[in-house]
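Q: Sharing a model prediction with you, sequence too.
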Amino acid sequence: MKSAESGNTVRVHYTGTLNDGDVFDSSVDRDPLEFRIGDGQMIPGFEKAVTGMNVGDTKTVKIPASEAYGARREDLVVKLTRSHFPDNIVPVTGLQLSLKSPEGQIINAIITSVEEENVFLDANHPLAGKDLTFEIELMEIF
């Protein structure tokens, strides 16, 4: 029986939970997730967990933040004056924005607080700094 290894394309079903048991994502009611091991499409801990599995195997794996979305970074929380926003964007808490860095990279951020003169943005991934648990079932290797 062939085990999943770097370079294989695989399909998996998964359910991801936080330490308190809350589900943050699941493929159970969708098509299986398809990715190529080693291409960096997935968080490192997830790829590592799938590597070595056989079709039909299931496992539960705890992935520390360092092998998931990394530590939460305070340098990714910024304060901007309202004048930085174009007239067609009304800053409100919870609004998600896609910004372009000076190098042309797209950065996703969420407005976390709005004051009279200032707006606070957080560009951390929503799961940064969190340990994650995944239940994984390997459906197919090809």
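A: Received it, and whenever you're ready, just let me know what you need. Numbers count the residues shown, from 1 in each chain.

Q: got the residue ranges for the strands in this structure?
A: Using DSSP state E, the strands of the chain run over 9-17, 23-26, 33-36, 58-63, 77-81, 96-100, 106-114, 118-122, 132-141.

Q: lowest-confidence stretch among those?
A: Mean pLDDT is lowest for strand 96-100 out of those, coming in at a mean of 91.

Q: Next, the buried residues of that strand.
A: By neighbour count on 16 or more other C-beta atoms under 10 Å, the buried set for strand 96-100 is empty. Any C-beta I mention is one placed from the backbone N, CA and C, and that applies to glycine too.

Q: what residues does that strand touch?
A: By C-beta atoms under 8 Å, 6 or more residues apart in numbering, the residues outside strand 96-100 that reach it are 89, 106, 107, 108, 109, 110, 111, 121, 123.

Q: Using a markdown table, please lay out the strands of the chain together with distance to residue 44.
A: Converted to a markdown table, the strands of the chain look like this (distance: least, C-beta to C-beta, whole Å):
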| stretch | distance to residue 44 |
| --- | --- |
| strand 9-17 | 15 |
| strand 23-26 | 17 |
| strand 33-36 | 13 |
| strand 58-63 | 8 |
| strand 77-81 | 24 |
| strand 96-100 | 25 |
| strand 106-114 | 20 |
| strand 118-122 | 23 |
| strand 132-141 | 12 |
